[in-house]
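Q: pasting the structure only:
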Ligand SMILES: NC(=O)c1ccc[n+]([C@@H]2O[C@H](COP(=O)([O-])OP(=O)(O)OC[C@H]3O[C@@H](n4cnc5c(N)ncnc54)[C@H](O)[C@@H]3O)[C@@H](O)[C@H]2O)c1
């Protein structure tokens, strides 16, 4: 994409799963990329995520909660992809104040840093389908009521709306994408903090039966990370998206049991088993979910390009090769 050549780009959460995949693409497009990440061990940041292009990005180990750092870092930036976040739903219940500080308060200070130091940049915020809570109807479109079922969902909802507010009141161009389950190379797989799919990949490769909670009939849609990166890049350069909130999603809808069976089929071996839902997870489970993503498709022509089978195959190849850097 031509617009990124020579552009100054800041990615918060840039050492994490989606941020590092985005950084890799921006480097290919000739952008000057700075990654800011607090690199807290229980989150998704991993040095290996950027190993292939480490000498072509600037890395700033800083916390988005630190207003002084953010005031400095936003200066001169053309595009800010705001991806830093505490992503574990369960952790947000166990430690609600950290989630509040990162996913809510720090979002406001990032926006304040932009307002004071660089109101002309374009911001893209990584929001989440979690803010809808347990769907009232399917597929879920952007008009669906927001009734999050966990602390993380509430804080991400606020984070999202701060961005839209600053767009509307101060003219700081901002777009929010409500990501659905995103998977692929560089996701955290050592535990289920980021996504259950991560630990499934590890279990499959290690020859441990994939553990599916409940009856396995919960429906989901998934985006391969390259497709999510496309959406982030496309909305950032489109003036039409300013002040808008879009769902991402996929038309390939699958239940979790079938997903596990598909992974086993692609890998050529493995097993899965249904296990009782742990009560703390059941309490914040959203049941079936899949998105209506026609709004972004009609606005800028985004739709997923990578099939679930193809994306899972690429993911399994990556983690077989890279297990030493991701499993422990
Ligand atoms: N992966 C998904 O399925 C998914 C779905 C919906 C929304 N999202 C959103 O996308 C964004 C990126 O998610 P991801 O999957 O790449 O997760 P990730 O954990 O791999 O990336 C987030 C990064 O943010 C960093 N970070 C956390 N707190 C920070 C802080 N205070 N200061 C600086 N850096 C900090 C972490 O170290 C990590 O590298 C998150 O905001 C998440 O809520 C992801």
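A: Looks like it arrived, so ask away. Keep in mind the model is a prediction, meaning the values are calculated, not measured.

Q: what sits against the nearest residue to residue 77 once chain neighbours are set aside?
A: Take residue 77 and drop its neighbours on the chain: the residue closest to it by C-beta to C-beta, 6 or more residues apart in numbering is residue 10, 4.6 Å away. Any C-beta I mention is one placed from the backbone N, CA and C, and that applies to glycine too. When contacts are counted by C-beta atoms under 8 Å, 6 or more residues apart in numbering, residue 10 touches 33, 34, 36, 73, 74, 77, 79, 80, 81.

Q: Strands of the stretch 151-300 of the chain, start to end?
A: Remark: strands assigned in the stretch 151-300 of the chain by DSSP state E, counting those that start in this stretch are 174-179, 181-183, 210-213, 219-224, 245-247, 253-255, 272-275.

Q: Backbone dihedrals for the nearest residue in space to residue 62 that is not next to it in sequence, please?
A: Among residues not flanking residue 62 along the chain, residue 69 sits closest, at 4.1 Å (C-beta to C-beta, 6+ apart). Torsion angles at residue 69 (phi, psi; degrees, to the nearest 10) stand at phi -60, psi -50.

Q: Can you get me a residue count around residue 69?
A: By other C-beta atoms under 10 Å, the residues close to residue 69 number 17.

Q: swap in the one 10 residues further on?
A: Applying other C-beta under 10 Å, we find 23 other residues in the vicinity of residue 79.

Q: So for it, what pLDDT did the model give?
A: Per-residue confidence (pLDDT) for residue 79: 98.

Q: Over to residue 126?
A: Residue 126 is assigned a pLDDT of 98 by the prediction.

Q: So what pairs up with it in the strands?
A: In this structure, residue 126 bridges to residue 177 when assessed by DSSP bridges.

Q: list the contacts for it?
A: Here residue 126 is in contact with 13, 18, 81, 82, 83, 85, 177, 179, 232 (C-beta under 8 Å, 6+ apart).

Q: if we look at the worst-scoring helix or strand of the chain on mean pLDDT, which residues are touching it?
A: Across the helices and strands of the chain, mean confidence by mean pLDDT, DSSP states H and E is lowest for helix 279-282: a mean of 89. Helix 279-282 is contacted by residues 90, 93, 213, 214 when judged by C-beta under 8 Å, 6+ apart.

Q: Please report how far the third one lies from the ligand.
A: To tie it back to what came earlier, the one meant is residue 213. Distance check for residue 213 against the ligand: by C-beta to the nearest ligand atom, to the nearest Å, it reads 17 Å.
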